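Asker: model this:
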Amino acid sequence: MQRVLLIANARAGSVSVRTREVIAKALSADFKLEVVDTEARGHATDLARDAVDQGFDAVLAFGGDGTINEACQELVGTDVAFGLLPGGTTNVMARSLGIPRDPVDATAFAASHLRSGTKRRINVGRLGARYFLFSAGMGLDAAVVRRVEADPEGKRASADWTFLKKALATGFTEYRGADPTISLEVGSSPPEKVLFVIICNARPFTYFGRFPVDACPEASLEKGLDFLALTSIRTLTIPRIAWSVFVSRSHPRWKNARYFADVTQGSLRATQPMPVQVDGDYIGEIDRAIVRLVPDSLDLLV
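Answerer: Numbering: from 1, shown residues only. Here you go, the predicted model:
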């Protein structure tokens, strides 16, 4: 029987003991299953590393995008299959891949692919030492994520509206009229000063309810990385950004935008430490990073 490790994050938005038990019972019928709950931030990475070292055939992560990002860190570059069981509030990667949103249905989906040996080898991105599946960013978007994570009351409210409120607040108070402090260099293009940088390995960047939010509308798992940056933000820019990422997708062509599609590497250098996020997870502040594409490096059960 194939050995499968189920990593569950009990603190994720829609993970419950009952659902976890149903999933474990279903998987135990066909696989040699071990189940471990995460105990703290970063624990999923340690558990995935142990699974690789112990010769497991697959790792399934039951949690939100943060749990999935942590678990994938030690699976990149291996032949251990990775299954996504959505248990968070947004579940960007799982939804973008067409994985069922119900975690029990997603379990059946992953198990059928594992039994048949159907896997998809995908590209991932890397910012510094951290891999990301769908997005990373320095500046505005990471500052928004930091505000959301620091607000326990907001976390208990509607995640979509909380994110939108924090995004508007951050844009108006921290970035409107600010001078660009990040030097972005992509490929052979000369360095440019920008306010923030979003890097996408896939689309969408996130979801607002059922609506995709496209920061990088040309991004694809089959291609290289896309970089989006703005050199300035004025009062009228903020509602214009909202309209574009939801509807028009015109922002890559704006005069104050810098958009690079299908590239393999870029560098970020800031005049001071800036907030950084990977796959919607705030990871702290840094002042420089190399961003690279890591091609054909992760087996997904899709």
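Asker: hey, where'd the strands end up in the stretch 151-300 of the chain?
Answerer: 182-186, 192-194, 196-200, 206-208, 211-213, 225-230, 257-263, 265-278, 281-300 (DSSP state E, counting those that start in this stretch).
Asker: and these: which comes nearest K165?
Answerer: With Cβ to Cβ, the closest approach to K165 among those belongs to strand 206-208: 12.0 Å. Using the backbone N, CA and C atoms, a C-beta is placed for each residue, glycine as well.
Asker: partner strands of the closest one and their direction?
Answerer: In the sheet, strand 206-208 lines up against strand 211-213 (antiparallel) (DSSP bridges).
Asker: which helix or strand in this protein has the lowest average pLDDT?
Answerer: Between all helices and strands in the chain, the lowest mean by mean pLDDT, DSSP states H and E belongs to helix 152-156, at a mean of 57.
Asker: in a markdown table, list the strands of the stretch 151-300 of the chain along with mean pLDDT, distance to S14 and mean neighbour count.
Answerer: A markdown table is the format used below for the strands of the stretch 151-300 of the chain (pLDDT from 0 to 100; distance: least, Cβ to Cβ, whole Å; neighbours: other Cβ atoms under 10 Å):
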| stretch | mean pLDDT | distance to S14 | mean neighbour count |
| --- | --- | --- | --- |
| strand 182-186 | 98 | 35 | 20 |
| strand 192-194 | 97 | 36 | 18 |
| strand 196-200 | 98 | 25 | 26 |
| strand 206-208 | 94 | 15 | 20 |
| strand 211-213 | 95 | 19 | 16 |
| strand 225-230 | 98 | 30 | 26 |
| strand 257-263 | 97 | 34 | 17 |
| strand 265-278 | 98 | 21 | 20 |
| strand 281-300 | 98 | 17 | 17 |
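Asker: show me the domain layout of this structure.
Answerer: Per the record, the chain has its domains at 3-118, 130-295, by automatic domain parsing.
Asker: which helix in this structure has the most residues?
Answerer: Using DSSP state H to assign secondary structure, the helix with the most residues in the chain is helix 103-116.
Asker: tell me the angle of that helix relative to strand 281-300?
Answerer: Angle, helix 103-116 to strand 281-300, by axes from the mean of the first three to the mean of the last three Cα atoms, to 10 degrees: 40 degrees.
Asker: hmm, G209 and D160 touching each other?
Answerer: Yes. Using Cβ atoms under 8 Å, D160 is in contact with G209, at 5.5 Å.
Asker: these two: who's more crowded?
Answerer: D160 (17 against 10; other Cβ atoms under 10 Å).
Asker: where are the low-confidence patches of the stretch 101-250 of the chain?
Answerer: Applying pLDDT under 70 to the stretch 101-250 of the chain flags the ranges 152-158.
Asker: one more time with 90
Answerer: Within the stretch 101-250 of the chain, the stretches with pLDDT under 90 are 149-165, 167-168, 187-188, 236-239, 242.
Asker: any idea how far N256 lies from E192?
Answerer: 11 Å (Cβ to Cβ, to the nearest Å).
Asker: ok, now E174?
Answerer: Counting by Cβ to Cβ, the gap from E174 to E192 is 20 Å.
Asker: likewise A229?
Answerer: 8 Å.
Asker: okay, and the common contacts of those two?
Answerer: Shared contacts of A229 and E192, defined by Cβ atoms under 8 Å, 6 or more residues apart in numbering, comprise 184, 258.
Asker: give me the pLDDT for the closest residue to G63 other than its chain neighbours.
Answerer: Excluding its sequence neighbours, the residue lying closest to G63 (Cβ to Cβ, 6 or more residues apart in numbering) is N9, at 3.3 Å. pLDDT for N9: 94.
Asker: so what's A61 up against?
Answerer: Contacts of A61 (Cβ under 8 Å, 6+ apart): 7, 9, 44, 67-68, 70-72, 82-85.
Asker: by neighbour count, which of these wins?
Answerer: Counting by other Cβ under 10 Å, top hit in the contacts of A61: I68 with 31 neighbours.
Asker: tell me the SS of it?
Answerer: Classification of I68 by DSSP: H, G, I helix; E, B strand; the rest coil places it in helix.
Asker: without its sequence neighbours, what residue ends up closest to it?
Answerer: Nearest one to I68, counting by Cβ to Cβ, 6+ apart, is A61 at 4.8 Å.
Asker: any idea which element the one you found lies in?
Answerer: Taking DSSP states H and E as the criterion, A61 maps to strand 58-63.
Asker: now for A150, how many residues are close by?
Answerer: As a measure of burial, A150 has 11 neighbours, counting by other Cβ under 10 Å.
Asker: scratch that, A167 is what I was asking about
Answerer: If we define neighbours as other Cβ under 10 Å, then A167 has 21 of them.
Asker: tabulate the contacts of A61 (a markdown table), appending distance to G284 and secondary structure.
Answerer: Output for the contacts of A61, formatted as a markdown table (distance: Cβ to Cβ, whole Å; DSSP: H, G, I helix; E, B strand; the rest coil):
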| residue | distance to G284 | secondary structure |
| --- | --- | --- |
| I7 | 23 | strand |
| N9 | 20 | coil |
| A44 | 18 | helix |
| T67 | 18 | helix |
| I68 | 19 | helix |
| E70 | 14 | helix |
| A71 | 19 | helix |
| C72 | 19 | helix |
| F82 | 25 | strand |
| G83 | 28 | strand |
| L84 | 25 | strand |
| L85 | 27 | strand |
